[in-house]
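Peer 1: My questions are about this predicted structure, shown below with the sequence.
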Amino acid sequence: MTLERCTLCPRACGARREGACGGGRCGMGADAVVARAALHFWEEPCISGTRGSGAVFFTGCPLGCVFCQNSEISRERKTGRRVSPRGLAEIFRRLEEQGAHNINLVTPTHFTPAILEALSLRKPSVPVVWNCGGYESRKTLALLEGHIDIYLPDFKYAERETAAELCGAPDYPETAEAAVLEMARQTGPAVFGADGVLRRGTVVRHLILPGRTRNSIAALEWLAANLPAGVPVSVMAQYIPCGKAAAYPQLDRRITKREYEKVLNRLFSLKLEGWVQDRESASRAYIPPFDLSGVPAEKAQT
């Protein structure tokens with residue numbers, strides 16, 4: 001597979017990506033690279049359920065937040081195995097056989113063509129989740145319509161200066177706003193099964209960052225004013241310093257109780273529907289090992 005001039009993400013870097021090599025912002029070639037494919041029990045309750053979410057963790061990332069808890073594979077790209085579309089479809093099938101409530105594609109944007117080819121070979125019988133940083137182009141989202149059942153985007157930054165500092169994308173706020181609304185349009189209101197597991201819909205996540213409660217409050221206020229009815233919000237308190245966080249003011253610590261309560265007070269006053277994480281969720285124990293679990297080696301590709 002070759003992408004002559006890649007414009008899959010909003011950075012639209014125009015890199016030539018072919019097979020296993022590419023020089024774009026994501027640092028990856030055009031063929032999917034997977035670091036882990038296994039049942040995952042640490043998503044929102046409506047995603048993990050009782051049997052786990054079939055999480056497929058892709059290597060590389062076009063956004064590159066400095067504090068990413070998956071920085072080992074997103075920014076540093078230390079682990080990952082090249083997988084053909086047929087191999088990817090087989091990974092999805094095995095996760096279904098293990099009882100996964102859904103197929104959860106984690107940081108998938110830069111491998112969109114390979115993923116769509118895999119889904120065309122075999123559409124899973126369980127919902128397909130697009131688990132992303134929220135930094136998506138309308139063009140790529142148009143390609144996904146009809147193939148994705150659940151969108152699970154972050155809405156990380158409501159302030160351009162914060163986005164510029166922490167991921168080098170000052171256009172993040174307006175880009176993510178447009179993307180979230182398009183995702184909600186595609187899926188409609190959340191639809192849950194009798195077991196409480198989400199079958200279709202969009203859930204928007206926001207991670208509270210230390211020293212940046214103003215950004216969190218602005219993000220929640222935008223969501224309250226703009227999200228259609230039936231789109232839940234998940235406020236996360238799981239932040240721990242990862243990646244290059246120690247080099248940035250205040251990012252070298254967990255959020256304080258005061259910061260947590262300040263954001264939650266505004267959340268509750270806005271009456272947003274959804275979920276809130278406890279501060280105790282801030283633990284490295286919830287970061288899975290990126291050890292190629294569930295990613296068998298394939299024969300050499302040509």
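Peer 2: Okay, I see it.
Peer 1: Could you use CA atoms for every contact and neighbour count after this?
Peer 2: OK.
Peer 1: Check which helices and strands the lengthiest helix in the chain is in contact with.
Peer 2: If you go by DSSP state H, the chain has its longest helix at helix 172-187. The helices and strands touching helix 172-187, judged by 3 or more C-alpha pairs under 8 Å, 6 or more residues apart in numbering; DSSP states H and E, are helix 138-144, strand 150-153, helix 160-167, strand 198-202.
Peer 1: And the residue nearest the centre of the protein?
Peer 2: The residue lying closest to the centre of the chain (C-alpha atoms, centre = their mean) is Cys132, at 2.3 Å.
Peer 1: Report the beta-bridge partners for that residue.
Peer 2: Pro153 (DSSP bridges).
Peer 1: right, and it touches Val106 too?
Peer 2: Yes: Cys132 lies in contact with Val106 (C-alpha atoms under 8 Å); the separation is 6.3 Å.
Peer 1: Can you check the pLDDT for Arg284?
Peer 2: Looking at Arg284, its pLDDT is 89.
Peer 1: Look at the closest residue to it other than its chain neighbours and give its secondary structure.
Peer 2: Excluding its sequence neighbours, the residue lying closest to Arg284 (C-alpha to C-alpha, 6 or more residues apart in numbering) is Ile240, at 7.5 Å. Recorded secondary structure, Ile240: coil (DSSP: H, G, I helix; E, B strand; the rest coil).
Peer 1: Ile240 contacts Ala282, doesn't it?
Peer 2: Yes: counting by C-alpha under 8 Å, Ile240 touches Ala282, with 5.9 Å between them.
Peer 1: Which of the two has more residues huddled nearby?
Peer 2: Ile240 (21 against 17; other C-alpha atoms under 10 Å).
Peer 1: so how far is Leu267 from the more buried one?
Peer 2: Distance, Ile240 to Leu267, by C-alpha to C-alpha, to the nearest Å: 21 Å.
Peer 1: likewise Ser53?
Peer 2: In this view, Ser53 and Leu267 are 27 Å apart by C-alpha to C-alpha.
Peer 1: who has more neighbours, those two?
Peer 2: The neighbour count for Ser53 versus Leu267, taken as other C-alpha under 10 Å, is higher for Ser53 (28 against 20).
Peer 1: Output the longest strand anywhere in the chain as CSV, restricted to C-alpha atoms.
Peer 2: Ranked by residue count, the top strand of the chain under DSSP state E comes out as strand 32-40. Only the C-alpha atoms of strand 32-40 are listed here, as CSV (Å, rounded to 0.1, in the frame of the first residue of the first chain):
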residue,chain,number,x,y,z
ALA,A,32,-0.9,-0.9,9.7
VAL,A,33,1.5,-1.4,12.6
VAL,A,34,0.0,-2.9,15.7
ALA,A,35,1.6,-3.0,19.2
ARG,A,36,-1.1,-5.0,21.0
ALA,A,37,-4.5,-6.6,20.3
ALA,A,38,-6.2,-7.9,23.4
LEU,A,39,-9.2,-7.6,25.7
HIS,A,40,-9.1,-4.3,27.6
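Peer 1: Can you list the residue ranges for strands in the stretch 201-302 of the chain?
Peer 2: With strands called from DSSP state E, counting those that start in this stretch, the stretch 201-302 of the chain shows them at 204-207, 233-236, 274-276.
Peer 1: err, the stretch 1-150 of the chain, not the other one
Peer 2: Counting by DSSP E, counting those that start in this stretch, the strands of the stretch 1-150 of the chain are 2-3, 17-18, 21-22, 32-40, 53-58, 81-83, 103-106, 128-132, 150-153.
Peer 1: who touches the first one?
Peer 2: To tie it back to what came earlier, the one meant is strand 2-3. Residues outside strand 2-3 that contact it (C-alpha atoms under 8 Å, 6 or more residues apart in numbering): 15-19, 30.
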